[in-house]
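Trainee: structural data only, the sequence is not supplied:
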């Protein structure tokens, strides 16, 4: 199965990825080592990759942020793929094997094929693509058209943002293939368990007393990472470029920490997207932290109900059953918590909030909340929020783009809808 072009389609249910989706496309969601679109780039380095979304402002912001072009796909051998399909090696292996088997039993080798999971469409393969199919907007209604179906059992679908947390450990294991052949740093002051499953960049700095335990999963420590003394890291775990792990941190399994983060205290089965800080003591468990977040000293998240029951996520007036026993904090960009902040089980916090409250915060915290308690919170004014975002980003030599500022302002305006 030759693939010349891949077109990633943002799912229409982008609200299922709140609060990350307020300022980001689903293409950017991290699961494992890489963002979802970066996995595709690594798996198909010679293919033409483009993006479709019904949210043009988010799409333009994404393309600008990563300096990407969005070319038309080639006319031959084009794979349209929902962006919330976790692009693992075993998924594409099964897809290719079943497609090749399908071709043996048909005469017309130019048939369009629909790949499904649990009988729901997840991808389409076009041996020949008519550009009119894109121009007349048919591509946005593929699910209404009828094609031969091929069921892919290995497909893992991220239906909600907490599915990324669920699959994060296995995704890190799958991504380890891109690091195996690289440099494995010697360090006599570091304790290694299952050494062959640990990758350390040659530019990383591992200080004395560190324990790297890959007994139950791989550990990947990327470029320019600094791990301070007496830290313990348990795999599967990924530490991204230019991040710092603070003194005596405890980083448990199934955790991904993206680029330019500072992390201390206790972290378990969580994803920190990038450019966010949790520098001090406190527990972060089964959580998703977006970008430019700062969690103050002794901020703690609850990720298990006292009755061990199913956790619900509240977003506005909507309540969603997650099917999870463990789920902590889902935190949007540019939100900050004060010292000794406590988040209750299954909390969704929007963007650009300043959170402080004695006792547990509510399980749903709208964007631009200043305070936390519904009775005494006020609105974080938009001009102050934008200015603060610019100040914080400038400290990392980053600028708030016009596209990002537009999305922030759109969210503020939507609060009154």
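Mentor: Okay, I see it. What you are looking at is a predicted structure, and each value in this text was computed from that prediction instead of being measured.

Trainee: residue 379 contacts residue 368, doesn't it?
Mentor: Yes - between residue 379 and residue 368 there is a contact under Cβ atoms under 8 Å: 5.5 Å. Where you see a C-beta, it was placed from the backbone N, CA and C, and this is true even at glycine.

Trainee: these two: who's more crowded?
Mentor: residue 368 (24 against 14; other Cβ atoms under 10 Å).

Trainee: which residue comes closest to that one once chain neighbours are left out?
Mentor: Leaving aside its chain neighbours, residue 368 sits nearest to residue 380 (4.3 Å; criterion: Cβ to Cβ, 6 or more residues apart in numbering).

Trainee: let me know the pLDDT of that neighbour.
Mentor: What the model reports as pLDDT for residue 380 is 90.

Trainee: pull out the buried residues from whichever helix or strand residue 168 is part of.
Mentor: For residue 168, the host element (DSSP states H and E) is helix 161-175. If you call a residue buried by 16 or more other Cβ atoms under 10 Å, then helix 161-175 has these buried ones: 161-175.

Trainee: show me what that helix is packed against.
Mentor: strand 237-239, strand 255-257, strand 271-272, strand 288-289 (3 or more Cβ pairs under 8 Å, 6 or more residues apart in numbering; DSSP states H and E).

Trainee: neighbouring strands of whatever helix or strand comes next after that helix in the sheet, and parallel or not?
Mentor: From helix 161-175 onward toward the C-terminus, using DSSP H and E, the following helix or strand is strand 191-193. As defined by DSSP bridges, the strand partners of strand 191-193 come to strand 211-213 (parallel).

Trainee: and the strand it pairs with, how far out from the chain middle?
Mentor: 25 Å (Cα atoms, centre = their mean, to the nearest Å).

Trainee: walk me through the domains of the chain.
Mentor: Here the domain parsing of the chain from automatic domain parsing is 5-159, 164-414.

Trainee: which of those is buried the deepest?
Mentor: A comparison of the domains of the chain by mean neighbour count, using mean count of other Cβ atoms under 10 Å, puts domain 164-414 on top with a mean of 19.

Trainee: coming back round to it: for residue 229, find the nearest of the helices and strands packed on helix 161-175.
Mentor: Taking Cβ to Cβ, strand 237-239 is the member of these nearest to residue 229, at 15.6 Å.

Trainee: how about a markdown table for the helices and strands packed on helix 161-175, with distance to residue 12 and mean pLDDT added?
Mentor: Shown next, in a markdown table, are those (distance: least, Cβ to Cβ, whole Å; pLDDT from 0 to 100):
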| stretch | distance to residue 12 | mean pLDDT |
| --- | --- | --- |
| strand 237-239 | 30 | 98 |
| strand 255-257 | 26 | 98 |
| strand 271-272 | 23 | 98 |
| strand 288-289 | 21 | 98 |
